[in-house]
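**Q** I would like to see how this sequence folds:
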Amino acid sequence: MNKTELVEHIAKHADISKAAATRALDSTITAIRTTLKKGGTVSLVGFGSFAVTKRPARKGRNPRTGDEIKIKAAKVPKFRPGKALKDALN
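**A** The predicted structure follows:
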């Protein structure tokens with residue numbers, strides 16, 4: 001499912017226009033992004049949690065030349081599914 005299909009699904013099931021569904025989805029994504037940028041977490045009970053973790057700097061290899069390269073430390077988003085989501089899939 002891509003964003004367009006998700007917007008159509010939201011519009012149909014919430015009985016709202018596609019434009020309103022697009023605004024709602026964009027607003028949700030923006031809120032999650034803003035919270036994660038500030039270092040917070042977003043917990044959606046029954047669905048899962050979004051958080052930011054720190055990945056340390058490390059050494060890697062250039063696959064083309066085999067030379068060793070340095071990979072910078074980074075902050076990466078993580079999603080941890082909730083119990084209800086896991087149970088729904090099994």
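**Q** does residue 52 really touch residue 42, like I thought?
**A** No. Assessed by Cβ atoms under 8 Å, residue 52 is found out of contact with residue 42, at 10.2 Å. For the C-beta atoms, the positions are set from N, CA and C on the backbone; glycine is no exception.
**Q** so who does the residue lying farthest from the centre of the chain touch?
**A** The outermost residue of the chain, judged against the average C-alpha position, is residue 65 (33.3 Å), by Cα atoms, centre = their mean. Counting by Cβ atoms under 8 Å, 6 or more residues apart in numbering, residue 65 makes contact with nothing.
**Q** and what of residue 1?
**A** Taking Cβ under 8 Å, 6+ apart as the definition, contacts of residue 1 comprise residue 9.
**Q** A helix includes residue 23, no?
**A** Yes. The assignment for residue 23 is a helix, going by DSSP: H, G, I helix; E, B strand; the rest coil.
**Q** can you read off the pLDDT for it?
**A** Per-residue confidence (pLDDT) for residue 23: 97.
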